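Chemist: just coords:
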């Protein structure tokens, strides 16, 4: 598999302890997905794994959104829309590889998940440190 494991770096810290822990946990979950996709061709098992990723990401987003509301974050609506759009992307990517689980689609799924999470943390989520 061409996609690599994610490596946590301190530059991803946003300065909100609870959210930083959650972000590190997301890295762990995406690394578990990486290992799982490298080892399994079972469509049902892949579907279950992707369902767990979706649920974990949705839970994380709910926590972030609660934090933003509690702290009256000015860009809440924009940030929430990014979350909602990404949850849809996860579903679309999952459906895509379940219909055709070739290695290229798996790599694309992983790449998009990893890239989105990192980019979101270092751009949008960095702003959350200013509201607490």
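Modeler: Looks like it arrived, so ask away. If you're wondering where the values come from, they're calculated on a predicted model, not measured in any experiment. Numbers count the residues shown, from 1 in each chain.

Chemist: okay, buried residues for stretch 15-26 please.
Modeler: With burial defined by 16 or more other C-beta atoms under 10 Å, the residues of stretch 15-26 counted as buried are 16, 19-20, 22-23, 26. Where C-beta positions appear, they are placed from N, C-alpha and C, glycine not excepted.

Chemist: just the element for residue 111, please.
Modeler: Per DSSP states H and E: residue 111 is located in helix 103-122.

Chemist: give the other helices and strands that that helix contacts.
Modeler: Other elements packing on helix 103-122 under the criterion 3 or more C-beta pairs under 8 Å, 6 or more residues apart in numbering; DSSP states H and E are helix 17-39, helix 76-99.

Chemist: for residue 74, phi and psi?
Modeler: Main-chain torsions, residue 74, degrees, to the nearest 10: phi -60, psi -30.

Chemist: correction: residue 100
Modeler: Main-chain dihedrals, residue 100, degrees, to the nearest 10: phi -150, psi 90.

Chemist: and it, how far from residue 11?
Modeler: To residue 11, residue 100 is 36 Å away according to C-beta to C-beta, to the nearest Å.

Chemist: also residue 21?
Modeler: Per C-beta to C-beta, residue 21 is found 16 Å from residue 11.
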